[in-house]
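1. fold the stuff below for me.
(chains A and B)
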Amino acid sequence: MICPYCGHNNLDGVDTCEECVHDLSDFDVPAATGGLQMHIMEDTIGHIPYDRLALISPSDSVAHAVSRIKTIGIGQAVVVEDGKLVGILTERDLLNKVAGREMDLNTLPVSEVMTKRPETIGERDPIRVIINKMAVGEYRHVPIVRDGRPVGIISAKAVANYILKHSGLDF
Amino acid sequence: MSIADKLSKVKIRRLPLRQPAMVERGASIREAVEAMKASRLGCALVCEQGKLVGLFTERDLLNKVIGESVNYSTPVEQVMTFGPAHLSLDDSVYSAMRMMREGDYRNVPLVDAEGSAAGVVTVRDLVSYFAEHFPKEALNLPPDHDQLMLSAEGA
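-> Got it, this is the predicted structure:
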C-alpha cells in the first residue's frame, strides 16, 4: 500500500506507515460508491427492524420457554441473568437437543439446552458486520446488545429483506 | 454486473446449496427430525415417488410437536404443510428473496424440470450469497471489527 502522505510503499494491510507513521487503517476499508454498497457500509443495525424479544431465565423450564416463544410468535428466546445476556434458545437448539428424546420439558432447565454466549452485535454497528457474522458463523439470529443487555434480535430474514429493499429491484 | 443484475439473472442452482433432508410421505416425525439433523437444515421435504407433497419445518416442530401431546412416531404428514410454495432450480435468486419476504418463509423447496423435489434454498444461503458479492465490505473483516492491530502480523 502506497502511503498517501509520504509515498512510502508499505506492505498491504498495515495500520500505520512504516516511514512517516501516519494512520493508514481507514484506507483498508473500501470506499462506498453508492447504492446497496453504501447502505451496507454506512447504515447501522438500527436501520433494520428488530424482532421482538422473548426473555427467559437459564433456570426456567424448557416447557415455559417454548410457551413464551409460541405466545410471542417468534422462533427463539433470549436468556438473561441479572439483565445480562447469557444465552439464546433457538428452534435449532430444540431440534438438535430436545426433539425425539425422552425428556420432561417441565423439569429440563433452559441452561442445559441453550446456546451459551452467542455472537452479538451493537445497534451502531454497520450492516456489513451482521452480514459477515451470519455468513461466516452460519447464524440465523443474532442478539443486539447495549452494555451487555439484550435490546433486540436480528434475523437473517430481516437482513435479506433489507438487502432486497435497497437492491434497486424492489419496486 | 450490479447486485440488481446478479439477483435477477443468477439462477438458484448456482448457489452452494446443501443436500436437502427428504423423507417419504409415510415417514414419522422422528424420521423427519433425524433427516433434518443429518442435513443440518431447518426443514425436511416430504415426497411421494420423488414429487414434493409437503414441507416440515422447525417452526412446525416448535408449534405442533414440542410440548404438545404428539408422539414422534406420528406420521409427519399430520403436522407438515401440504403443497408448500416452491420454486424451480432455474428461478432467480431474486425470486427466492421475494417469495421469502412475501410468504415470511425461511426455506423454499426447489423442484427440477420434471417437478421432482430437488433441493431447498434457505435465507442463510441468500445472506452468504450477498457476503460473497461484497467480499471486501462484508467478508474481509477482522474477528472483532473494532480491533486495531498493535503490531504487524508475521515474523
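2. what segments of chain B are strands?
-> B:21-24, B:43-48, B:51-57, B:81-82, B:87-88, B:107-111, B:117-122 (DSSP state E).
3. out of the ones you listed, flag the one nearest A:V129.
-> Proximity to A:V129 (C-beta to C-beta) singles out strand B:117-122 among these, at 21.0 Å. For the C-beta atoms, the positions are set from N, CA and C on the backbone; glycine is no exception.
4. residues contacting the closest one, please?
-> Strand B:117-122 is contacted from outside by B:12, B:15, B:17-20, B:22, B:41-43, B:45, B:47, B:50-52, B:87, B:89, B:96, B:106-112, using C-beta atoms under 8 Å, 6 or more residues apart in numbering or on different chains.
5. out of those residues, which touch chain A?
-> Among those, the ones lying near chain A by C-beta under 8 Å from any C-beta of the partner chain are B:42, B:106.
6. just the buried ones from the contacts of strand B:117-122?
-> The neighbour count (16 or more other C-beta atoms under 10 Å in any protein chain shown) marks B:12, B:15, B:17, B:20, B:22, B:41-43, B:45, B:47, B:52, B:87, B:89, B:96, B:106-111 as buried among the contacts of strand B:117-122.
7. what's the burial count for the residue lying closest to B:E58 once chain neighbours are set aside?
-> Nearest non-adjacent residue to B:E58, counting by C-beta to C-beta, 6 or more residues apart in numbering or on different chains: A:E91, 3.8 Å away. Using other C-beta atoms under 10 Å in any protein chain shown, A:E91 has 24 other residues around it.
8. middle-most residue in chain B, spatially?
-> Residue closest to the average C-alpha location in chain B (C-alpha atoms, centre = their mean): B:T122, at 2.5 Å.
9. gap between it and A:K157?
-> Distance, B:T122 to A:K157, using C-beta to C-beta, to the nearest Å: 10 Å.
10. what is in contact with the two at once?
-> Common neighbours of B:T122 and A:K157, counting by C-beta under 8 Å, 6+ apart, are B:R106.
11. re earlier: could I get the strands of chain B as a markdown table with mean pLDDT?
-> A markdown table is the format used below for the strands of chain B (pLDDT from 0 to 100):
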| stretch | mean pLDDT |
| --- | --- |
| strand B:21-24 | 97 |
| strand B:43-48 | 97 |
| strand B:51-57 | 97 |
| strand B:81-82 | 96 |
| strand B:87-88 | 98 |
| strand B:107-111 | 97 |
| strand B:117-122 | 96 |
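12. so for A:R68, which of those strands sits nearest?
-> A:R68 lies closest to strand B:51-57 among the strands of chain B, at 19.7 Å (C-beta to C-beta).
13. which outside residues touch that closest one?
-> Here strand B:51-57 makes contact (C-beta under 8 Å, 6+ apart) with B:23, B:25, B:29, B:32, B:36, B:42-47, B:76-77, B:79-84, B:86, B:106-107, B:109, B:111, B:115-117.
14. which of the helices or strands spans A:A77?
-> strand A:76-81 (DSSP states H and E).
15. strand partners (parallel or antiparallel) of that strand?
-> Here strand A:76-81 is paired, per DSSP bridges, with strand A:55-56 (parallel), strand A:84-90 (antiparallel).
16. out of these, flag the one nearest A:L108.
-> In terms of C-beta to C-beta, the element of those nearest to A:L108 is strand A:84-90, at 11.3 Å.
17. now do the helices in chain B.
-> Shown for chain B, the helices assigned by DSSP state H span residues B:3-9, B:29-39, B:58-60, B:93-103, B:123-133.
18. now for A:L94: which residues touch it?
-> Counting by C-beta under 8 Å, 6+ apart, A:L94 has contacts A:62, A:66, A:113, B:58, B:61-62, B:66.
19. low pLDDT regions in the chain?
-> No chain in the question, so chain A it is. A:26-34, A:170-171 (pLDDT under 70).
20. chain B, not that one
-> Ranges of chain B meeting pLDDT under 70: B:137-155.
21. filter the contacts of strand B:51-57 down to the buried ones.
-> Buried among these (16+ other C-beta under 10 Å): B:23, B:29, B:32, B:36, B:42-47, B:76-77, B:79-80, B:84, B:86, B:106-107, B:109, B:111, B:117.
22. quick check: B:F134 vs chain A, distance?
-> Between B:F134 and chain A the computed distance is 6 Å (C-beta to the nearest C-beta, to the nearest Å).
23. where does that residue fall, phi/psi-wise?
-> B:F134 adopts backbone torsions of phi -120, psi 60, taken as degrees, to the nearest 10.
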